[in-house]
Each structure stands twice: as C-alpha cells, then as structure tokens.
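In: Just the structure for this:
(one chain, ligands or ions: 2)
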Amino acid sequence: MIRTEGLLKVYRLGEERIRALDGIDLAIEAGEFVAVMGPSGSGKSTLMHVLGCLDSPDGGRYWLDGQEVAALGDDERSALRARRIGFVFQAFHLLPRLSALDNVLLPARYAGGITPEVRDRATALLQRLGLGERLHHRPNQLSGGQRQRVAIARALINHPAVIFADEPTGNLDSRTSREIMTLFVELNREGQTVVLVTHEEDIAAHARRIIVLRDGRIESDRHVA
Ligand SMILES: Nc1ncnc2c1ncn2[C@@H]1O[C@H](COP(=O)(O)OP(=O)(O)OP(=O)(O)O)[C@@H](O)[C@H]1O
Ligand SMILES: [Mg+2]
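Out: Ligands and ions are numbered 1, 2, ... in the order given. Have a look, this model is predicted:
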C-alpha cells in the first residue's frame, strides 16, 4: 500500500540545512496499524505530511496504492490525497463555523460531491462515533474528545486507503485518549490501515508495529504481538 525508497526532506533555515527525513525506506501493507515514535524533532510530523501528500519530498521515491506520488503534479497529488487519505491532527483542525456534520462532509465536497448517500454515510459515521445527538453542533459546542471523533469521521468519509494521525490524543485527557485509541483499534480490526504518531508508550501499545525515528532516519522497526 505504501512504499518509500530513500525518502528525503530538507528544510533550509538561512545557511542551515535540516534533513528532516534522511533516507526513509519503508513498506506498509494494507490493514496494518503502525505507531511512529521518536524524540521531538526526529521527523515524525514531516513523515506524516509527506506520506499524507500534504507535502512533497525533496528526494527518494514514494508509491501509494501502486501510484508513484512524486510523478504527480500538485493538482493530481491533491486529488489523490482527497480520495485516498484521511488525516487526523492533534489540534483537530475543524472549521469553527461549520456543524459537525458539515465538517465531516467537507472532504466529500472535494472528492466528488455530496450526494444523499454521502450525507447518510456522514450521519451514520457520526452516530457510530457516539455523536448522533451532536450533528448540528459547532466545534466550540463540543468537548475535545467529541471534536476528535468528528475529525475521525471526517477522515473516514471518503473510504481512505490509509488514515494518518499525528498525535491524535495529544490534546486529550487520559480517559478520552483511551476512548479514541479504542476507536482506532476497532477501525483497524475492520481492516482500516492506520499510521499514528505518538510520544506515549501506552498509546503505541495499541499498534501492531512500532517504528522509531531519530534524526530523520528509521532507528528501529518492530512488530508487536
Ligand atoms: N517548516 C519547517 N521549516 C524548517 N524546519 C522545519 C520545518 N518543519 C520542521 N522542521 C524541522 O525538521 C525537523 C523535523 O521536524 P518534525 O516536525 O517532523 O519533528 P517531530 O518528530 O514531529 O517533532 P515533535 O515530536 O516535536 O512533533 C526538526 O528539526 C524541525 O525543526
Ligand atoms: Mg510532530
């Protein structure tokens, strides 16, 4: 599903060059649940952004679903992202003026339009995530855990091949974090591929594979029971 060879991302700050990704070789199969760990600045978010087609690499190769991403233009890459990728962020990134339902529908708007079926699916997703009574609430009328569940529904609306989540529980208390992680575990059991960044061992323990980055490189990559 995901394959990279020698993935490179270099940031320039004045004279300085920071190799945020310094030769990442990676293969992730459909149905995996991967946790990405590593110290602050090791390149975790950069990797999520590049794999999630929010940003393009400066070198190396990347195939998503058999398609070489680097060969795509900006528009094609955005279209691929809209159709095949779901993103969940630490700070939720919901649009404040839109209802929960309209936030969930947003990616569908870009990926083919909102049909009655899509609207039903958005409602069903929110119901499934325990927000059936909150469809028309705006983000500031929801708790942190509820906001993150709206963000997860939004990530799922287009049936993504993979969900990337960058510290999705970073802004949540420990009980709510456990609820959100239980949700990711359930989704993965149903076949959803999940790649999730976390600082916390007990969060990573939900995954079946743990990749540790250091200085833009893969320091370790192990499967767990
Ligand atoms: N837009 C940018 N411009 C310049 N340097 C950047 C930029 N974004 C990230 N970096 C640098 O790239 C490196 C990797 O950053 P990244 O955000 O991927 O780390 P991270 O592992 O996600 O860290 P954290 O755990 O703190 O979120 C760091 O040295 C960072 O300072
Ligand atoms: Mg980060």
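In: rest of the way, CA atoms for contacts and neighbours
Out: Will do.
In: Name the residues of the chain found near ligand 1, please.
Out: Neighbours of ligand 1 within the chain, by Cα under 6 Å from any ligand atom: 11, 13, 20, 39-46.
In: Name the single longest helix found in this protein.
Out: helix 174-189 (DSSP state H).
In: Give me the contacts around the following helix or strand past that helix.
Out: Using DSSP states H and E, the helix or strand that follows helix 174-189 towards the C-terminus is strand 193-197. Outside strand 193-197, the residues that touch it by Cα atoms under 8 Å, 6 or more residues apart in numbering are 29-37, 44-45, 161-168, 184, 188.
In: again with stretch 161-171
Out: Stretch 161-171 is contacted from outside by 30, 45, 48, 52, 84-92, 144, 148, 155-156, 176-177, 180, 192-199, using Cα under 8 Å, 6+ apart.
In: And for stretch 85-99?
Out: 52, 103, 135-140, 147-148, 151-152, 154-156, 158, 160-171.
In: hmm, try it at 7 Å
Out: Contacts to stretch 85-99, defined as Cα atoms under 7 Å, 6 or more residues apart in numbering, come from residues 52, 103, 135-140, 147-148, 151-152, 155-156, 160-171.
In: Sketch out the strands for the protein, chain order is fine.
Out: 2-13, 16-28, 33-37, 59-64, 67-68, 85-89, 162-166, 193-197, 209-214, 217-223 (DSSP state E).
In: How many residues are close by Gly191?
Out: Close neighbours of Gly191, defined as other Cα atoms under 10 Å, add up to 14.
In: Contact partners for it?
Out: Gly31.
In: phi, psi of it?
Out: phi 110, psi 0 (degrees, to the nearest 10).
In: pLDDT at Ala30, what is it?
Out: pLDDT for Ala30: 96.
In: Over to Ile203?
Out: 87.
In: Report the inter-axis angle for the longest helix of the chain versus strand 33-37.
Out: 140 degrees (axes from the mean of the first three to the mean of the last three Cα atoms, to 10 degrees).
In: For Phe87, give the beta-bridge partners.
Out: Beta-bridge pairing of Phe87 under DSSP bridges involves Phe164.
In: For it, the count of nearby residues, please.
Out: Considering only other Cα under 10 Å, Phe87 is surrounded by 26 other residues.
In: circling back: is it possible to mark the buried ones in the contacts of strand 193-197?
Out: With burial judged by 16 or more other Cα atoms under 10 Å, the buried subset of the contacts of strand 193-197 is 31-37, 44-45, 161-168, 184, 188.
In: State the distance from the closest residue to Gly6 other than its chain neighbours to ligand 1.
Out: What sits nearest to Gly6 in space, not counting adjacent residues and going by Cα to Cα, 6 or more residues apart in numbering, is Gly23, at 3.9 Å. Remark: distance between Gly23 and ligand 1 (Cα to the nearest ligand atom, to the nearest Å) = 13 Å.
In: Which pLDDT value goes with Gly23?
Out: Gly23 is assigned 97 on the pLDDT scale.
In: repeat for Arg83
Out: 88.
In: For it, the count of nearby residues, please.
Out: Neighbour tally, Arg83, other Cα under 10 Å: 19.
In: residue contacts, it?
Out: Here Arg83 is in contact with 111, 158, 160 (Cα under 7 Å, 6+ apart).
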